[in-house]
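>>> heads up, no residue letters with this:
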């Protein structure tokens, strides 16, 4: 039986620290594994200690090139998807390599945008992303740009019951 606590470890392609935090396993379904992070959770962000000020839910899909963070107000991003390599599980620790590109849906306007293309291009050269990684990352971003805007689950409402489990 899996532990209730999951350690979420994001690194950059070169192995450098990006994000690292404990999360509570909320559910596993056909969409993937849902974990929640409450306000006050101690974390590491870009290698520096941090404390989460706003709770969130993270969906870690199986075999997909993204993860999705679902946020409550007052965060301006309702949904924030990181383009990543597929998650690799080692016991109760999940390892995810962040590939820079992000697809975000804004709360107020519903605008869906692709972010950090410049960082992706810079790291593509600097870290030497293989062509298959580049193609998979770009394809995932394109799919998410559509899915976040057209009501595809889990981006429409499926996340709300899990988010309510971590909001104060």
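Structure received. Keep in mind the model is a prediction, meaning the values are calculated, not measured.
>>> Going by contacts, tell me the helices and strands next to the host helix or strand of residue 68.
Taking DSSP states H and E as the criterion, residue 68 maps to strand 66-70. Packed against strand 66-70 by the contact rule (3 or more Cβ pairs under 8 Å, 6 or more residues apart in numbering; DSSP states H and E) you find strand 56-60, strand 77-84. C-betas here are computed from N, CA, C, even on glycine.
>>> so what strands line up beside that strand?
Here strand 66-70 is paired, per DSSP bridges, with strand 56-60 (antiparallel), strand 77-84 (antiparallel).
>>> about what we covered before: tell me which of the helices and strands packed on strand 66-70 lies nearest to residue 24.
Nearest to residue 24, of all those, is strand 56-60, at 9.8 Å by Cβ to Cβ.
>>> now, of the helices and strands packed on strand 66-70, which is deepest in the fold?
Most buried of the helices and strands packed on strand 66-70 by mean neighbour count (mean count of other Cβ atoms under 10 Å) is strand 56-60; its value is a mean of 25.
>>> who touches that one?
By Cβ atoms under 8 Å, 6 or more residues apart in numbering, the residues outside strand 56-60 that reach it are 8, 23, 26, 31-37, 67-72, 75, 87, 94, 96, 154, 159, 162-163, 165-166.
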